[in-house]
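K.L.:
sequence unknown, structure follows:
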Ligand SMILES: *[C@@H]1O[C@H](CO)[C@@H](O)[C@H](O)[C@H]1NC(C)=O
Ligand SMILES: *[C@@H]1O[C@H](CO)[C@@H](O)[C@H](O)[C@H]1NC(C)=O
Ligand SMILES: *[C@@H]1O[C@H](CO)[C@@H](O)[C@H](O)[C@H]1NC(C)=O
Ligand SMILES: *[C@@H]1O[C@H](CO)[C@@H](O)[C@H](O)[C@H]1NC(C)=O
Ligand SMILES: *[C@@H]1O[C@H](CO)[C@@H](O)[C@H](O)[C@H]1NC(C)=O
């Protein structure tokens, strides 16, 4: 009853953008505690598989090609939900997301993580929008999935990935406008925009995070053959200078000890270096900032252009190829959470203090009844860590 009336109220508000923005502003969201000497946050990405049901094989394999041959326009979300790779992953991916959420909960109980920083791909395969199906997916793949123990109270600072924008503006609207009201742990700013900023404040330090939608920077997403082309990506690609300016202005105004760019795609990668993100990375480099990204389904640490790139894309379906099977493609690759057979599930923690940021990579021992997909002798200890000591400027 209560949720129904809340949602119908929301439906009324969505009709009136300004009122909604004001409502979100006045609504109490859950945020990280202020004033800690050391604050631990989890960096998590590429997780939202649970509850995705692909179209039936008869449709994807037989009907769809016929429709295409007949020249019918196929909606991108329908095409994407027939992705043969993703369909073959779904059973394993759902189980791996669940096991990894439990693992993250265990590590975070020990480490006292007080917030999560998301790098996107929150809902496979085509995101969620403001429909009954979207609401059910939100409840199942996020609200219910991350609800036990430490997750009960920890806020998440959110970001969009490519899977989140397949449905275009309506998908963006759900995550930026509806989700923060549905669950106060879901933070996405107060403006209903896909880019936003927040500060974490410690006892004697501050960290400024700027979130952008990197989907808006990839020209390949505008091709008429891309499942990502839609009026949202077309408009935000044309307007990407707005996000560049937002990052530049926010970092310029901030006097924080640490500055982070939080986005989905990797400028540095072992699979595809997204070089079109260069205008953003230049700004980060100018301010001695740090880049947090996902997209590649593994954990990695890259160092290039005097900048640390922390890859955390392993909370769902890990893929060894995304970390080049553990083989560094150059000295920029400092750590890769993969081997020739598989990549590890896991996430990254950052213990933020005034003097340094302790960055730890937690790789899950992926034991299952028939074997171990990624043996880690003691997975409540980090498999890799490094420290950032150079303050932002
Ligand atoms: C966890 O960290 C927060 C923020 O630093 C702090 O307020 C809280 O007391 C800590 N809890 C435990 C159990 O250490
Ligand atoms: C699913 O996991 C099983 C082991 O549990 C493995 O044998 C199989 O290859 C996996 N399938 C995919 C598509 O990853
Ligand atoms: C996509 O664009 C190419 C080249 O611009 C064109 O030849 C093709 O007909 C277009 N396809 C569709 C489905 O619009
Ligand atoms: C990414 O860039 C680095 C450094 O320029 C290069 O060594 C590496 O081969 C590139 N990675 C890919 C996948 O092309
Ligand atoms: C990073 O460094 C490379 C090699 O020096 C340079 O070509 C590239 O433009 C730099 N990228 C950024 C974003 O500054």
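P.N.:
Received the coordinates, thanks. Quick caveat: nothing in here was measured; it's all calculated off a predicted structure. Ligands and ions are numbered 1, 2, ... in the order given.

K.L.:
quickly find the element holding the closest residue to residue 307 other than its chain neighbours.
P.N.:
Closest residue to residue 307 apart from its sequence neighbours, by CB to CB, 6 or more residues apart in numbering: residue 285 at 5.1 Å. (Glycine included, C-beta is placed from N, CA and C.) Secondary structure here is read from DSSP states H and E; on that basis residue 285 sits in helix 278-286.

K.L.:
what number of residues lie near whatever residue of the stretch 1-150 of the chain ends up closest to ligand 1?
P.N.:
Distances between the stretch 1-150 of the chain and ligand 1 by CB to the nearest ligand atom are smallest at residue 36, namely 3.0 Å. The number of residues packed near residue 36 is 17, by other CB atoms under 10 Å.

K.L.:
relative to residue 29, how far out is it?
P.N.:
Applying CB to CB, to the nearest Å, one obtains 19 Å for the distance of residue 36 from residue 29.

K.L.:
circling back: phi, psi of the residue of the stretch 1-150 of the chain closest to ligand 1?
P.N.:
Torsion angles at residue 36 (phi, psi; degrees, to the nearest 10) stand at phi -80, psi 150.

K.L.:
and it, what does it touch?
P.N.:
For residue 36, the contact set (CB atoms under 8 Å, 6 or more residues apart in numbering) comprises 114, 202-203.

K.L.:
show me which residues of the stretch 251-393 of the chain sit near ligand 2.
P.N.:
Near ligand 2, the residues belonging to the stretch 251-393 of the chain are residue 368 when assessed by CB under 6 Å from any ligand atom.

K.L.:
same thing but 8 Å
P.N.:
Among all residues of the stretch 251-393 of the chain, those adjacent to ligand 2 (criterion: CB under 8 Å from any ligand atom) are 317, 368, 370-371, 373.

K.L.:
for those residues, which one is nearest ligand 2?
P.N.:
The nearest member of these to ligand 2, counting by CB to the nearest ligand atom, is residue 368 at 5.0 Å.

K.L.:
hmm, back to that, pretty sure the residue nearest to residue 307 sits against residue 305.
P.N.:
Yes: in terms of CB atoms under 8 Å, residue 285 counts as a neighbour of residue 305; the distance is 5.0 Å.

K.L.:
ok, back up a step: most surrounded residue in the residues of the stretch 251-393 of the chain next to ligand 2?
P.N.:
Across these, the neighbour count under other CB under 10 Å reaches its highest value at residue 317, namely 25 neighbours.

K.L.:
in the protein, what residue comes closest to ligand 4?
P.N.:
Minimum separation of the chain from ligand 4 (CB to the nearest ligand atom) falls at residue 330, amounting to 3.2 Å.

K.L.:
quick one: that residue and residue 303, what's the gap?
P.N.:
Distance from residue 330 to residue 303, by CB to CB: 11 Å.

K.L.:
for the residue nearest to residue 332 when sequence neighbours are not counted, give the beta-bridge partners.
P.N.:
Across the structure, with CB to CB, 6+ apart as the measure, the residue nearest residue 332 apart from its sequence neighbours is residue 304 (4.3 Å). In this structure, residue 304 has beta-bridge partners residue 307, where bridges are defined by DSSP bridges.

K.L.:
next one: residue 304 from residue 355, what distance?
P.N.:
When CB to CB is the yardstick, residue 304 and residue 355 sit 24 Å from each other.

K.L.:
the more surrounded of the two?
P.N.:
When neighbours are counted by other CB under 10 Å, residue 304 and residue 355 differ, and residue 304 comes out ahead with 18 against 12.

K.L.:
surely that one and residue 268 touch.
P.N.:
Yes: shown here, residue 304 and residue 268 form a contact pair, counting by CB under 8 Å, at 5.1 Å.

K.L.:
and the next helix or strand past the helix or strand containing residue 116?
P.N.:
Secondary structure from DSSP H and E places residue 116 in strand 113-118. Sequence order places helix 132-138 as the next helix or strand after strand 113-118, per DSSP H and E.

K.L.:
now do the next helix-or-strand element following that following helix: distance to the chain's middle.
P.N.:
Per DSSP H and E, the first helix or strand lying C-terminal to helix 132-138 is strand 156-157. Centroid separation for strand 156-157 versus its chain: 10 Å, with CA atoms, centre = their mean, to the nearest Å.

K.L.:
buried set for the helix or strand following strand 156-157?
P.N.:
Using DSSP H and E, the helix or strand that follows strand 156-157 towards the C-terminus is helix 169-173. Of the residues in helix 169-173, those with enough neighbours to count as buried (16 or more other CB atoms under 10 Å) are 169, 171-173.

K.L.:
same thing with stretch 275-286?
P.N.:
When neighbours are counted by 16+ other CB under 10 Å, the buried residues of stretch 275-286 are found to be 276-277, 280-284.

K.L.:
then stretch 358-368?
P.N.:
Under the neighbour-count criterion of 16+ other CB under 10 Å, stretch 358-368 has 358-366 buried.

K.L.:
skipping adjacent residues, who's closest to residue 266 in space?
P.N.:
residue 293 (4.7 Å).

K.L.:
and the one you found, backbone torsions?
P.N.:
Torsion angles at residue 293 (phi, psi; degrees, to the nearest 10) stand at phi -150, psi 170.

K.L.:
follow-up on the earlier one: pick the one among the buried residues of stretch 358-368 closest to residue 65.
P.N.:
Lowest distance from residue 65 to those (CB to CB) belongs to residue 366, with 35.9 Å.
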